[in-house]
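> sequence and predicted structure, then a few things I'm wondering about:
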Amino acid sequence: MATQYQLPFQLADSSLVHFDSCVGDKWVGAKSGQRFEVLDPGTDKAWASCPANSADDVPAAAETAHAAFEQYRKVNPRQRAKWLLKWYELTVAARDDLAQIITHETGKPLAEAYGELEYSLGFLWWFTGEAERIHGSVSVPAAPNRRLFTIKQPIGVAAALVPWNFPVAMVLRKVGAALAAGCTIVVKPSPETPVSSLVLAELAQRAGIPAGVFNVLTTDLENTPALSEALCKHPLVKKVTFTGSTRVGKLVATHCAQGLKKLTLELGGNCPFIVFDDANLDQALDQLMTLKWRHAGQACITANRIYVQAGIYDRFAALLKERTAAIVVGHGASAGTTMGPLTTPRGIDKASAQVEDARRRGADVLLGGKPLTSRPGYFFEPTILSGMTADMQISHEESFAPIAALYRFETEDEAVQLANATSMGLASYAFTKNIDRMWRLLENLEAGMIGMNTGNQSAAEAPFGGIKESGYGKESGKEVAVNEYLVTKTGTLTIEGQY
Ligand SMILES: O=CCCC(=O)O
């Protein structure tokens, strides 16, 4: 169905864009006929609409993906690699159009949208290589006259529940691994960001990836819980991958538990960023500026709690304030913008409540602290809070907003104890030039990923995933990511005769 909306941006190839779900080789509406609007967070205006699929639309998608799986699982890995590579090349060529769409779905500045695409393309490139590197093992067991071996096989139809903050990267990180493994997949993008997923489906078709291998079921906020539950519980779906909040991740785990589905959970962050007296301050500030303000703080691995050692605390806070004051907040597509809006109005409410809570409990607001109401859209001022303490909301929950919360500490033991005082364990960051201390931190910080003098550790070749209530399973990285979509079969052979 053609959208009734005028796109607020120009596309080089308008035939890339669809506003219906992709099931098999068909672009389809919801059974109910219901649709929902896609809003530009930088203007609060609708610019597209997509089908509001419900749980009733799940069986057709799962059956289509399963029929495709029966063929795709037998495709030679080299052919799978060739399709992934073609998909990579077509996505490179569609970069300008995709960047516009990402910016108008998420609000992030165009430069960041291009950054996301660069990151995303890494996944297609990486999984192109991984497709041919899936293998089992052979060994000699204790029992005489036997050989023991394992083979790896694709698990079946996968379902991906994808967040809105990196709508292309998160789809390609999951789908790239699934397709390399020989699985087919049904993706449910977030209600905020369906269009970019549909462009990826069009590009996959153009790349020759067989119909039904990559399906996209769009839906709105209201139908999301029931549709997701139906996907998790559908008997033909054998694997679920979810990126999102810990609260929803626990629900997804409950749904999957009934069918004992294999599950990958990439959940909430609340990540500590620790700067010691002996750190290179410029390096720590450069990294913090990128990590903290990327997509207005809406990343699971953003620096949520910034611990600065007492000897440098005041200087660090002043320098951070000076640099942050230079951020230009505006529409993501406007020239000069270095920070866009939040993606949802819900984000504004949560950020306001967190700042208010911190202020009431004694934090100083060094910069910002409020929504920007002088323009339409969901803007929040880049905010710095100083004098944070453990009793404040931000100390316990993910912020997902442009709020830099500064805490003072004295000793390494104290920093480790404060950093680990959370139910989450996604990423931790430490800045010090003391190599012994750095090694201790690597071992003592409770997180799945440790940034050592860096705030940027996400990459296709690096296993991504948390511990504690930040989830389980790994995405990207050598072997581990593709393994999430494979089953291991053990074979034991008895050999007769002399050898
Ligand atoms: O927000 C979650 C993903 C962030 C990343 O992959 O760097």
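Cool, the structure landed.
> endpoint to endpoint, stretch 472-490 covers what distance?
Distance across stretch 472-490, first residue to last, is 24 Å (Cα to Cα, to the nearest Å).
> list the buried ones in that stretch?
Judged by neighbour count (16 or more other Cβ atoms under 10 Å), stretch 472-490 contains these buried residues: 472-477, 481-486. For the C-beta atoms, the positions are set from N, CA and C on the backbone; glycine is no exception.
> taking those residues one by one, which sit in helices?
481-483 (DSSP state H).
> nearest to the ligand, of these?
Distance to the ligand, by Cβ to the nearest ligand atom, is smallest for A481 among those, at 12.4 Å.
> using the three-state scheme, assign the single nearest residue of the stretch 201-350 of the chain relative to the ligand.
Nearest residue of the stretch 201-350 of the chain to the ligand: C300, at 3.5 Å (Cβ to the nearest ligand atom). Classification of C300 by DSSP: H, G, I helix; E, B strand; the rest coil places it in coil.
> neighbours of it, how many?
C300: 27 surrounding residues under other Cβ atoms under 10 Å.
> my read is that it contacts L265, right?
No. C300 lies out of contact with L265 (Cβ atoms under 8 Å); the separation is 11.4 Å.
> residues from the stretch 101-250 of the chain in reach of the ligand?
165-166, 169 (Cβ under 6 Å from any ligand atom).
> scan the residues you listed and report the most crowded one.
With neighbours defined as other Cβ under 10 Å, the most crowded of these is F166; it has 28 neighbours.
> identify the residues contacting that residue.
The contact partners of F166, by Cβ atoms under 8 Å, 6 or more residues apart in numbering, come to 116, 119-120, 295, 299.
> show me where the stretch 251-400 of the chain has its helices.
In the stretch 251-400 of the chain, the helices defined using DSSP state H, counting those that start in this stretch lie at 281-293, 310-324, 345-360, 393-396.
> so what does the longest one touch, helix or strand wise?
Identification of packing neighbours for helix 345-360 by 3 or more Cβ pairs under 8 Å, 6 or more residues apart in numbering; DSSP states H and E yields strand 371-372, strand 379-380, strand 383-386, helix 393-396, strand 403-409.
> tell me how far the fourth one lies from the chain's centre.
The chain centroid and the centroid of helix 393-396 are separated by 22 Å, computed with Cα atoms, centre = their mean, to the nearest Å.
> quick one: average pLDDT of it?
Across helix 393-396, the average pLDDT comes to 96.
> which other helices and strands does that helix contact?
Checking 3+ Cβ pairs under 8 Å, 6+ apart, helix 393-396 ends up next to strand 303-309, helix 345-360, strand 403-409.
> before we move on, what about the third one?
Helices and strands touching strand 383-386, as assessed by 3+ Cβ pairs under 8 Å, 6+ apart, comprise helix 310-324, helix 345-360, strand 364-367, strand 403-409.
> buried ones in the third one, by neighbour count?
Neighbour-count burial for strand 364-367, with 16+ other Cβ under 10 Å as criterion, is recorded at 365-367.
> sheet-wise, list the partners of it with their directions.
Using DSSP bridges, strand 364-367 pairs in its sheet with strand 383-386 (antiparallel).
> from Q4, how far out is the residue in the stretch 1-150 of the chain that the ligand sits nearest to?
Nearest residue of the stretch 1-150 of the chain to the ligand (Cβ to the nearest ligand atom) works out as Y119 at 7.1 Å. Distance, Y119 to Q4, using Cβ to Cβ, to the nearest Å: 33 Å.
> which one of those two is surrounded by more residues?
Neighbour totals were compared for Y119 and Q4, and Y119 leads with 18 against 10 (other Cβ under 10 Å).
> so the more buried one sits right up against S458, yeah?
Yes. Here Y119 reaches S458: they are 6.7 Å apart, a contact under Cβ under 8 Å.
> P189 against S197, yeah?
Yes. Shown here, P189 and S197 form a contact pair, counting by Cβ under 8 Å, at 4.0 Å.
> now do the shared contacts for the two.
162, 167, 171, 216, 218.
> quick check, the second one in contact with E105.
Yes. Contact status for P167 versus E105: in contact at 6.1 Å, counting by Cβ under 8 Å.
> can you get me a residue count around the nearest residue to N145 once chain neighbours are set aside?
Distances taken as Cβ to Cβ, 6 or more residues apart in numbering place I495 nearest to N145, at 5.2 Å, with adjacent residues excluded. By other Cβ under 10 Å, 10 other residues sit near I495.
> and this structure, what are its domains?
Following automatic domain parsing, the chain resolves into domains at 2-267+471-487, 271-459.
> kindly reformat these as CSV containing distance to G465.
Below are the domains of the chain laid out as CSV (distance: least, Cβ to Cβ, whole Å):
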stretch, distance to G465
domain 2-267+471-487, 4
domain 271-459, 5
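> which residues touch the residue of the stretch 201-350 of the chain closest to the ligand?
The neighbours of C300, taking Cβ under 8 Å, 6+ apart as the test, are 165, 243, 266-269, 398, 426, 470.
> over to A303?
271-273, 288, 291-292, 404, 429, 455.
> show me what the helix or strand containing I185 is packed against.
Using DSSP states H and E, I185 maps to strand 184-188. Using 3+ Cβ pairs under 8 Å, 6+ apart, the elements in contact with strand 184-188 are helix 58-72, strand 157-161, helix 167-181, strand 214-216, helix 224-233.
> could you dump those into a markdown table and include mean pLDDT?
Below are these laid out as a markdown table (pLDDT from 0 to 100):
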| stretch | mean pLDDT |
| --- | --- |
| helix 58-72 | 98 |
| strand 157-161 | 98 |
| helix 167-181 | 98 |
| strand 214-216 | 98 |
| helix 224-233 | 98 |
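> what's the closest non-adjacent residue to the spatially most central residue of the chain?
Residue closest to the average C-alpha location in the chain (Cα atoms, centre = their mean): M170, at 4.4 Å. The shortest distance from M170 to any non-neighbouring residue, by Cβ to Cβ, 6+ apart, is to V162 (4.9 Å).
> what's the distance between the one you found and the ligand?
As for V162, its distance to the ligand is 11 Å (criterion: Cβ to the nearest ligand atom, to the nearest Å).
> per-residue confidence at that residue?
98.
> list the contacts of it.
170-171, 174, 187-190, 197, 243.
> the closest residue to P272 other than its chain neighbours: neighbour count?
Closest residue in space to P272, ignoring its immediate chain neighbours: A419 at 3.7 Å, by Cβ to Cβ, 6+ apart. Residues near A419, counting by other Cβ under 10 Å, number 25.
> hmm, N304 and A419 touching each other?
No. Proximity of A419 to N304 does not meet the contact threshold set by Cβ under 8 Å, at 10.6 Å.
> what do these two both touch?
P272.
> what about V355, neighbour count?
V355 has 26 nearby residues by other Cβ under 10 Å.
> quick check: the closest residue to it other than its chain neighbours vs the ligand, distance?
Nearest residue to V355, sequence neighbours excluded (Cβ to Cβ, 6+ apart): G369, at 5.1 Å. Relative to the ligand, G369 is positioned 24 Å away (Cβ to the nearest ligand atom).
> next, give phi and psi for G369.
phi 110, psi 0 (degrees, to the nearest 10).
> mind starting the numbering at 29 from now?
From this message on, residue numbering opens at 29, which makes the last subject G397.
> show me the contacts for it.
Contact analysis of G397 by Cβ under 8 Å, 6+ apart lists 383, 387, 409, 411, 413.
> any weak-confidence spans in this structure?
Along the chain, segments meeting pLDDT under 70 span 29-31, 527.
> where is the longest helix in it?
Counting residues, the longest helix found in the chain (DSSP H) is helix 138-158.
> G150 - nearest residue in space that isn't next to it in sequence?
Once flanking residues are discounted, G150 sits nearest to A488: 3.7 Å by Cβ to Cβ, 6+ apart.
> check which helix or strand covers that neighbour.
Assigned by DSSP H and E, A488 falls within no helix or strand.
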